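> give me a model of this one.
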Amino acid sequence: MWLMPALFACGASGTDASGAVADDKPATPAVRVGAERFERYLPLVEGRRVALFSNHTGVLPDGRHTLDAMLDSGVNVVTIFSPEHGFRGTADAGEHVKGGVDPETGIAIASLYDGSGRREPSAQVMDGFDVLVVDIQDVGLRFYTYYCTMIDLINACGSAGEGKPVVILDRPNPNGMTVDGPILDMRYASGVGRLPIPTVHGLTLGELALMARGEGWLREGVRADITVVPCEGYTHSTRYRLPVAPSPNLPTMRSIYLYPSMCYFEATPVSLGRGTDAPFEVYGHPSIVADSLHAFVFTPESRPGAKRPPRMGEECRGRDLRSIPEEEIIAGGINLEYLVDAYRSVSPKVREAFFTSFFEKLMGRADIRGMIERGMTPAEIKASWADDVERFRRQRKPYLLYEDTEPEAQEMFNR
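Now for the predicted structure:
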């Protein structure tokens, strides 16, 4: 049996230097995730060959993985689908992960991130199961790849013969209180953007799947059979603390809250802290001149989860964001101040080739790069997608399974 040690604890709010959660803030209201609701989903898989899309985040409060709970209940799990970072969640971002056999259960693992370029399982794998169960913890961002893989699997299930049903064991969205960012221009659809949604969409995976089907965003002609087993005790105002890190470089709740603002550094020469104790919580570059704002110095090193981090072995100067209160980060939504500051602070030579073509895939639009280069302020740039956010909030409303964020709270979150 696989017992998962907790990296964060649900119900606490701060984090210490090790990534363990400190208990210095109010507890999260009790939330029961879909995977705990055996009475709801076991009848849907009884007597069927089951494929499970999950990874290390598919854990229950008692520490068991959902896979073990299903096997203990007599469910015939025949295939495990694994996403980016692999089934055990240890591979680097973007690292290709081969399929194989899970050594603890002997069940075949079909990797959906093996570098083959194939977005969906082979026909042979699809023929081997009857129903797909999804249980994975997403973080609610357009460029996070777990939901992209789920959409690919739903497309495959909806296209397979008479179709294969999909059962989504829903989990809360830790960024579910916020909707912010430009909507993806589908000309920039990629492995880090599969749907025309804002950067921070505020939906659970169950809600997102229902919206993709309802809005016709699945493959043409696909009308997938989707059942969502919803969470209990969750609303879009809930501050849900994750029980385990969703991926190697998101080790704290603060890193998850900063992720919508920090991920754009992936398309620049600036380090966002991969290879340090604070990925997505610091940024810097060797050419930034140390001053009162850029007094933090760090050197990325090879380590598990970041074997070859950007700027490895180079002394970087920049900013440490770990002192910013979580409430302030959440309230600001996407904050382009960090990106704009780095662009203006690197040397002129570095600034000449600051953005790579990956930037448009992350940002989702073609015009934001030019706004930064022309000297527009973060507030002016953010105002350019305000109408998109409001339109999307109206569009998603029919698909919400949980009480939406209070309007006054949403105004505060996205001010």
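> quick one, helices of the chain?
38-45, 66-72, 123-127, 145-159, 205-214, 253-262, 326-332, 337-345, 348-352, 358-363, 368-373, 378-383, 386-396, 407-413 (DSSP state H).
> quick check: buried residues in the second one?
I take that to be helix 66-72. Using 16 or more other CB atoms under 10 Å as the test for burial, helix 66-72 gives T66, L67, D68, A69, M70, L71. Quick note: C-beta positions are derived from backbone N, CA and C, even for glycine.
> now, among the residues you listed, which is nearest to M262?
T66 (29.8 Å; CB to CB).
> identify the residue spatially nearest to that closest one, adjacent ones excluded.
G58 (4.2 Å; CB to CB, 6 or more residues apart in numbering).
> that neighbour contacts I136, doesn't it?
Yes - G58 lies in contact with I136 (CB atoms under 8 Å); the separation is 6.0 Å.
> tell me the contacts of the residue lying closest to V350 once chain neighbours are set aside?
The shortest distance from V350 to any non-neighbouring residue, by CB to CB, 6+ apart, is to S287 (5.1 Å). By CB atoms under 8 Å, 6 or more residues apart in numbering, the residues touching S287 are V346, S347, K349, V350.
> buried only: go through those for me.
By neighbour count, with 16+ other CB under 10 Å, the contacts of S287 hold V346, V350 as buried.
> report the two of the contacts of S287 separated the most.
Farthest apart among the contacts of S287 - using CB to CB - are V346 and K349, which lie 8.4 Å from each other.
> picking up where we left off before, return the most buried member of the helices of the chain.
Ranked by mean neighbour count, the helices of the chain are led by helix 253-262 with a mean of 25 (mean count of other CB atoms under 10 Å).
> output that one as PDB, nothing but the C-alphas.
Only the C-alpha atoms of helix 253-262 are listed here, as PDB (Å, rounded to 0.1, in the frame of the first residue of the first chain):
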ATOM      1  CA  MET A 253       1.100  27.300  -1.000                       C
ATOM      2  CA  ARG A 254       2.800  30.700  -1.500                       C
ATOM      3  CA  SER A 255       4.500  29.200  -4.600                       C
ATOM      4  CA  ILE A 256       1.100  28.100  -5.900                       C
ATOM      5  CA  TYR A 257      -0.400  31.500  -5.400                       C
ATOM      6  CA  LEU A 258       2.600  33.200  -7.100                       C
ATOM      7  CA  TYR A 259       2.600  30.800 -10.000                       C
ATOM      8  CA  PRO A 260       0.200  32.800 -12.100                       C
ATOM      9  CA  SER A 261       2.500  35.800 -12.000                       C
ATOM     10  CA  MET A 262       5.800  34.000 -12.000                       C
END
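> any idea how far it is from the chain center?
Computed by CA atoms, centre = their mean, to the nearest Å, the chain-centroid distance of helix 253-262 equals 10 Å.
> tell me which other helices or strands it touches.
Counting contacts by 3 or more CB pairs under 8 Å, 6 or more residues apart in numbering; DSSP states H and E, helix 253-262 is packed against helix 326-332, helix 337-345.
> need the contact partners of it.
With CB under 8 Å, 6+ apart, helix 253-262 has contacts from 8, 13, 15, 21, 139, 141, 174-175, 178, 180-181, 199-200, 241-242, 246, 249-250, 272, 278-281, 283, 321-322, 324, 326, 329-330, 332-339.
> just the terminal-to-terminal distance for stretch 284-294.
By CA to CA, to the nearest Å, the extent of stretch 284-294 from end to end equals 8 Å.
> so which bits of it are buried?
For stretch 284-294, by 16+ other CB under 10 Å, it's G284, H285, P286, S287, I288, H294.
> about what we covered before: who's more crowded, G58 and I136?
More crowded of G58 and I136, by other CB atoms under 10 Å: G58, with 29 against 25.
> who's in contact with the more buried one?
Contact analysis of G58 by CB under 8 Å, 6+ apart lists A35, L52, H65, T66, L67, D135, I136, Q137.
> and the nearest residue to Q137 once chain neighbours are set aside, how many neighbours does it have?
The spatially closest residue to Q137, leaving aside those adjacent along the chain, is T57, at 3.6 Å (CB to CB, 6+ apart). A count of nearby residues for T57, using other CB under 10 Å, gives 24.
> over to M177?
26.
> try M186
Neighbours of M186 using other CB under 10 Å come to 12.
> next: the one 10 residues further on.
The tally of other residues near P196 (other CB under 10 Å) stands at 18.
> look at it and report its pLDDT.
pLDDT for P196: 98.
> likewise for D127?
Confidence score, pLDDT, at D127: 94.
> kindly report the same for the one 4 residues further on.
Note for V131: predicted pLDDT of 98.
> and if you look at G11?
Confidence score, pLDDT, at G11: 33.
> could you list the low-pLDDT ranges of this protein?
Counting by pLDDT under 70, the ranges of the chain that qualify are 1-29, 84-86, 88-98, 113-118, 405-415.
> and the strands in it?
14-15, 21-22, 49-54, 76-82, 100-101, 108-111, 131-135, 166-169, 226-229, 282-285, 296-298, 316-320 (DSSP state E).
> let's have these in CSV, adding distance to S261.
Compiled in CSV, those are given as follows (distance: least, CB to CB, whole Å):
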stretch, distance to S261
strand 14-15, 18
strand 21-22, 22
strand 49-54, 28
strand 76-82, 28
strand 100-101, 36
strand 108-111, 30
strand 131-135, 28
strand 166-169, 28
strand 226-229, 29
strand 282-285, 10
strand 296-298, 17
strand 316-320, 12
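> mind checking which of the ones you listed is nearest I368?
Relative to I368, the nearest member of the strands of the chain by CB to CB is strand 282-285, separated by 17.8 Å.
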